[in-house]
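Student: got a sequence here, can you build the structure:
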Amino acid sequence: MNSMKKIILASASPRRGDILRQIGVSFEVEIPTLTREHSDEVIPEEIVKDLARQKAQSVSENYVDRDDVLIIAADTIVVYNQKIFGKPANEEQAYHMLKTLQGRVHQVYTGVTLLYQLTEGWRMDSFSVETKVEMSQMNDSEIWSYINTREPMDKAGSYGIQGAGSLYIKRIDGEYNNVVGLPVAAIREHLVKLQLKL
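Tutor: Numbering: from 1, shown residues only. Here you go, the predicted model:
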């Protein structure tokens, strides 16, 4: 397998960086220059893939003549009953999100784009990973106590599953790191198929 000299994480999310550090990957962070995240796709799997592609392409503009980089970009959304939850703007939105998700199974989708240079130009591999999460029942006091940790407002459409929110996660069906925001096991599998490695 070929080894890339430099891995670029196209994300401002500290959680994604934490995941790569935990598995011993050296990388640099480049924050995508998108003015706003938007996709015309309507299927959750396609939305996250499209947003991840946009982030990767935005960062790739800084590496036009480089063939020694692997750009990893990701985007995560939470979906319940066809409704997509964005990052809560305030406590009321966080309350509504948690009230909706508590006691129910919902889906967390992360789209990933791997972008790297070959002699004939950029090569892109995009995929999405779905994880099903069941939250425990929460009374209003528990919901507000959790909101007061600020974790629900800290991640787009989700919650800090690795923090205080872990108290309310009843079951996970799929990759845990996908819920945090970067499905590294799936990324590794794709890199193996591409004859690349972290």
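
Student: pLDDT weak spots in the protein?
Tutor: For the chain, applying pLDDT under 70 flags the ranges 1-4, 155-158.

Student: surely Ser100 touches Tyr80?
Tutor: Residue 100: Thr, not Ser. Yes: judged on CB atoms under 8 Å, Thr100 makes contact with Tyr80 at a distance of 6.0 Å. Where you see a C-beta, it was placed from the backbone N, CA and C, and this is true even at glycine.

Student: gap between the nearest residue to Leu51 once chain neighbours are set aside and Tyr109?
Tutor: Among residues not flanking Leu51 along the chain, Asp75 sits closest, at 3.7 Å (CB to CB, 6 or more residues apart in numbering). Relative to Tyr109, Asp75 is positioned 9 Å away (CB to CB, to the nearest Å).

Student: which neighbours do these two share?
Tutor: Applying CB atoms under 8 Å, 6 or more residues apart in numbering, one finds that Asp75 and Tyr109 are jointly contacted by Ile47, Val48.

Student: more neighbours: which of these two?
Tutor: More neighbours surround Asp75 than the other of Asp75 and Tyr109, with 28 against 23 (other CB atoms under 10 Å).

Student: who does whatever helix or strand the more buried one lives in pair up with?
Tutor: When elements are defined using DSSP states H and E, Asp75 is found to belong to strand 69-80. According to DSSP bridges, strand 69-80 forms sheet pairs with strand 6-10 (parallel), strand 83-85 (antiparallel), strand 105-118 (antiparallel).

Student: what's the closest of the ones you listed to Val48?
Tutor: For Val48, the closest of the strands paired with strand 69-80 is strand 105-118, at 2.9 Å, according to CB to CB.

Student: tell me the angle of the next helix-or-strand element following that closest one relative to strand 69-80?
Tutor: Along the chain past strand 105-118, the next helix or strand (assigned with DSSP H and E) turns out to be strand 121-135. Here strand 121-135 runs at an angle of 30 degrees relative to strand 69-80 (axes from the mean of the first three to the mean of the last three CA atoms, to 10 degrees).
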